[in-house]
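>>> Any chance you can model this:
(one chain, ligands or ions: 1)
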Amino acid sequence: MLTNAYYYFKSLLGSSVAEQAAVNRWVVSSNLTRGAIIFLYKHKIIEFKNTPYILENSIANWYYADMAFTIPRGTQDILPEDISKWHLIEETARNLFSAYNFSEIRTPIFENTDVFARGMGEKSELFNKEMYTFQDKGGRSLTLRPEGTAAVTRANIMHTLHKKMHPLKLYYIGPFFRYERPQAGRFRQFHQIGAEYIGESSPYADAEVIALAYHLFESLGITDLKVQINSVGCNVARPVIEEMVKQFLSNNLTHLPTHIQEKFNDNPLRILDSKDPDVHAYIAGMPDIKDALTQESKDHFFSVLQHLDEMNIPYQVSNVLVRGLEYYTETVFEIISDHLGAQSTVCGGGRYNNLTKELGGPDMPAFGFGFGIERTVMLLDHINKTLSKSIDIYFIPLDTLSRDMLFYVMNRLRGNNISAEIGYSDQLKGQLKKANKLNAKRVVIVGEEERQSKQAQYKDMVNRSQTIVPIDQLIDVILNDFAVNELPSH
Ligand code: HAM
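Residues are numbered from 1 along each chain as shown. All right, here's what the predicted structure looks like:
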């Protein structure tokens, strides 16, 4: 079926014969209307992995052209209907951070690019391919923060926080930016909650922070998770481990995909945690990298495991877990779920004993983690966690004079932290429907009759009962009701 869409689609492309031919082939063979193509694209039912890039881009433009204003690829609006899950995650995290004696830090959304170049390592994929880097009007190179550890370390050095607080236990919540190919659970603007325990080298610190991460998910009711843990050793062991990986893979190198071969010289450790099943087959028989660790690193690692055992934190030792950022030393860990699709890691972290010195500060060990809020929301959805929002009181005035009076009462109650809403139509039925939709715990009804008898109808929507309350005592009765019953807040 050739629709108008076909001509519209063609007009979006350049005039090269190859492009036109590609469009012709695709639109004709797909036999879809424009609306259908937009629908499939919008709902990510069709991706364009095997189509020429220009085609993919044109369909994206086409989709966006269909909407008046939209948001950049890889970003999303978090709508009121979803926000309660975000609040739950953030509040749970804040409560646990307080129990573990962590304090919040807020660093800028953008930093000087050097912070991340030095911090994450210039060889890392994140630094090379995924940063949002730009020049400001003064010609400075700035980068939207792709992660929090380097920024927090920069802030510690700059304000000598370690001298003011010891131990230095910091947490952060906020947006981060990575230019990655968007897919389920992977965004270009995403949100992380992270923790950094700076200035402590004890294996207890590693175990404490891993336990904190685990408890966080547990408190949210997410338990179907695996904690994977490994050690990448200290600086002394790193070249030995790299050589070990290279030696093992050298015979089979040509059989590995090109993007993996590219890592061989610069960053051979990254080959180990490739998600590509073909690569898994080649690294399956590799000797454990922990054989190359110094005795001190081995002792540290086994103490961490012992402390995790003592706290009943379940874990699996993974010999191929190395993590993507170059600052890691010694213990590394990830928390993964089978319910996240290809992006199975919800939380990742580890020790980074050299980073503070690397960024110009003193020699200072540290351990931390970061977890993605979007992926945690996906896990809450998976366990069908429903969080219904409610309000304390809904006022139903049935005429203007009653509205004036209830408006005053409502404002007094709001000032006492009671959440309240008022209806602006005089229709009882419609307003009761609204009260139900808002999950109101109580409803107050006042019309001409009630004003004359000076008695308001007071409905308990939770227990489905009703009483009469003298209008001049309405505020006190409601305040007392909520104080006595300690109704859960919305
Ligand atoms: P990371 O493994 O790069 O570590 O990120 C941590 C978590 O952030 C991931 O497990 C994932 O849940 C989430 N995340 C990362 N990228 C995306 C994305 N594009 N879309 C959605 N979610 C994403 C770090 O960032 C380290 N700074 C963690 C750390 C703190 N290590 C020591 N201290």
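>>> got a list of what the residue nearest to residue 135 when sequence neighbours are not counted touches?
Excluding the flanking residues, the one nearest residue 135 by CB to CB, 6 or more residues apart in numbering is residue 141, at 5.9 Å. C-beta: built from backbone N, CA, C; applies to glycine. Contacts for residue 141 (CB atoms under 8 Å, 6 or more residues apart in numbering) come out as 112-114, 133-135.
>>> Ok, residue 188 next?
Residue 188 makes contact with 72-75, 132, 177-180, 182, according to CB under 8 Å, 6+ apart.
>>> Could you report the distance from it to the ligand?
As judged by CB to the nearest ligand atom, to the nearest Å, residue 188 and the ligand stand 7 Å apart.
>>> Over to residue 126?
Residue 126 is 7 Å from the ligand, where distance means CB to the nearest ligand atom.
>>> re the thing from before, from the contacts of residue 141, list just the buried residues.
residue 113 (16 or more other CB atoms under 10 Å).
>>> Identify each buried residue in stretch 104-118, please.
Under the neighbour-count criterion of 16+ other CB under 10 Å, stretch 104-118 has 105, 107, 110-111, 113, 115-118 buried.
>>> Name the residues that touch stretch 150-159?
For stretch 150-159, the external contacting residues (CB under 8 Å, 6+ apart) are 105, 107-108, 111, 115-116, 118-120, 145, 161-162, 168, 170, 172, 194, 196, 198, 327, 352, 355-356, 359-361, 366, 368.
>>> give me the subset of those touching the ligand.
Residues of the contacts of stretch 150-159 in contact with the ligand (CB under 6 Å from any ligand atom): 194, 196, 352, 368.
>>> show me what contacts the third one?
Same thing as residue 352. Contact analysis of residue 352 by CB under 8 Å, 6+ apart lists 149, 153, 327-329, 366-368.
>>> Just the element for residue 174, please.
Following DSSP states H and E, one finds residue 174 within strand 168-177.
>>> Give the pairing partners of that strand; include direction for each.
Sheet pairing of strand 168-177 (DSSP bridges) gives strand 103-104 (parallel), strand 189-198 (antiparallel).
>>> And the helices in the stretch 301-450 of the chain?
Here the stretch 301-450 of the chain has its helices, by DSSP state H, counting those that start in this stretch, at 355-358, 373-382, 400-414, 428-437, 448-453.
>>> re earlier: tabulate the contacts of residue 141 in a markdown table, adding columns for pLDDT.
Output for the contacts of residue 141, formatted as a markdown table (pLDDT from 0 to 100):
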| residue | pLDDT |
| --- | --- |
| 112 | 96 |
| 113 | 95 |
| 114 | 94 |
| 133 | 96 |
| 134 | 96 |
| 135 | 97 |
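>>> Up against the ligand, what does the chain have?
Counting by CB under 6 Å from any ligand atom, the chain sits next to the ligand at 147-149, 178, 180, 185-187, 190, 192, 194, 196, 345-350, 352, 368-372, 374-375.
>>> Disregarding flanking residues, what is the spatial nearest neighbour of residue 236?
Distance criterion CB to CB, 6+ apart; nearest residue to residue 236, sequence neighbours excluded, is residue 294 at 5.7 Å.
>>> in the stretch 251-400 of the chain, which ranges drop under the pLDDT threshold?
Counting by pLDDT under 70, not a single residue of the stretch 251-400 of the chain qualifies.
>>> so what's the residue of the stretch 201-350 of the chain found nearest the ligand bridging to?
Using CB to the nearest ligand atom, the single residue of the stretch 201-350 of the chain nearest to the ligand is residue 348, 3.2 Å away. Using DSSP bridges, the bridge partners assigned to residue 348 are residue 334, residue 370.
>>> got a list of what the residue most central in space within the chain touches?
By CA atoms, centre = their mean, the mean C-alpha position of the chain lies nearest to residue 373, the distance being 2.2 Å. Counting by CB under 8 Å, 6+ apart, residue 373 makes contact with 86, 89-90, 173, 190-193.
>>> Buried subset of the residues of the chain next to the ligand, written for PyMOL?
Per 16+ other CB under 10 Å, the buried members of these correspond to this PyMOL selection:
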select buried, resi 147+148+149+178+180+185+186+187+190+192+194+196+345+346+347+348+349+350+352+368+369+370+371+372+374+375
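>>> circling back to that earlier point, go through the contacts of residue 188 and flag which are in strands.
Assigned to strands by DSSP state E, the following of the contacts of residue 188 qualify: 132, 177.
>>> In a markdown table: the contacts of residue 188, plus pLDDT.
Shown next, in a markdown table, are the contacts of residue 188 (pLDDT from 0 to 100):
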| residue | pLDDT |
| --- | --- |
| 72 | 93 |
| 73 | 93 |
| 74 | 95 |
| 75 | 96 |
| 132 | 96 |
| 177 | 98 |
| 178 | 97 |
| 179 | 96 |
| 180 | 93 |
| 182 | 92 |
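>>> Next, the buried residues of the lengthiest helix in the chain.
When the chain is scanned for its longest helix (criterion: DSSP state H), the result is helix 80-99. Buried residues in helix 80-99, counted by 16+ other CB under 10 Å: 85-86, 88-89, 92-93, 96-97.
>>> Out of those residues, which comes closest to residue 310?
Among those, residue 96 lies closest to residue 310 (CB to CB), at 19.1 Å.
>>> Contact partners for the closest one?
Contact analysis of residue 96 by CB under 8 Å, 6+ apart lists 212, 215-216, 219.
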